[in-house]
Each structure stands twice: as structure tokens, then as C-alpha cells.
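Chemist: Here is a sequence with its predicted model. Questions after.
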Amino acid sequence: MYRFKGFDSAQCGDSMSALEAMVNAWMDADRPRIRQMCQTMRGEHILLSFVYEDLHELEQRVMAQTQTGVTGSFSRLFDEELNEDRPTSPRVPVTPPPMH
């Protein structure tokens with residue numbers, strides 16, 4: 001799920017180093033996967049806007065899928081294929097089809 005985060009330089013007295021420190025602290029703490037960033041002016045202030053994915057949330061979803069056996073279904077497919085009478089004719093091509 002995408003999330004939004006905004007920073008206003010007015011929050012830190014329009015100090016560029018303080019704004020940078022705020023953004024870096026957020027990035028270090030939350031480890032966002034930034035999808036879009038925008039910088040704009042509001043009068044004398046700088047606004048930074050981020051659209052991001054929360055990596056903690058993403059990792060939890062992957063772990064939940066792994067625990068429910070989503071990845072296990074793929075191994076079952078390959079196990080079934082190996083147990084068939086045709087072990088030398090794999091269903092997955094060795095080389096990918098040509099790109100057009």
C-alpha cells in the first residue's frame with residue numbers, strides 16, 4: 001500500500017541542514033521504498049512530498065504468504081513434474097522466447 005509523507009521547511013526554521021536531518025532520520029527509521037518525490041515552494045518555504053511503500057509492511061506480507069504456503073505451491077508443481085513418466089521433457093522452456 002502506498003503512503004504519503006510531507007516535510008515543510010517552516011517546521012525547522014527554514015534551515016536546509018535541519019530539513020535534511022529530518023528527512024534522513026525518517027528514511028533511516030522507516031526504510032521507505034520511495035516511489036515518487038516532489039519538491040515545491042510555498043512562499044519562502046520548501047515543501048518535500050514523498051509517496052512511498054512501507055518496507056516493514058511489505059516484509060510482513062511476504063512472510064505471511066510464505067507461512068501460508070504460497071511459495072510451497074510452486075515446489076509441489078515441480079515435485080509433481082519430477083514424478084511423472086516424462087522427466088526429460090520439462091514444461092518450462094530452457095531458453096526464454098524471443099523478445100519482439
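Modeler: Now that the structure is in, tell me what you want to look at.
Chemist: who's in contact with stretch 55-63?
Modeler: 1, 30-33 (CB atoms under 8 Å, 6 or more residues apart in numbering). No exception for glycine: its C-beta is placed from N, CA and C like everyone else's.
Chemist: Pull out the buried members of the residues you listed.
Modeler: For the contacts of stretch 55-63, a burial check counting by 16 or more other CB atoms under 10 Å picks out Pro32.
Chemist: wait, which of the contacts of stretch 55-63 is closest to Gln65?
Modeler: Gln65 has its nearest neighbour among the contacts of stretch 55-63 in Met1, at 15.2 Å by CB to CB.
Chemist: okay, the nearest residue to that closest one once chain neighbours are set aside: pLDDT?
Modeler: Nearest non-adjacent residue to Met1, counting by CB to CB, 6 or more residues apart in numbering: Glu57, 6.8 Å away. In this model, Glu57 is scored at 78, pLDDT.
Chemist: go on, Arg61?
Modeler: pLDDT, read off for Arg61, is 81.
Chemist: Quickly list what the residue nearest the centre of the chain is bridged to.
Modeler: Among the residues of the chain, the one closest to the centroid is Arg33, at 5.0 Å (CA atoms, centre = their mean). Residues in a beta bridge with Arg33, per DSSP bridges, are Glu53.
Chemist: from what I can see it touches Phe50, true?
Modeler: No: with contacts counted by CB atoms under 8 Å, Arg33 stays clear of Phe50, the gap being 10.4 Å.
Chemist: Pull up the overlap in contacts between these two.
Modeler: With CB under 8 Å, 6+ apart, Arg33 and Phe50 have no common neighbours.
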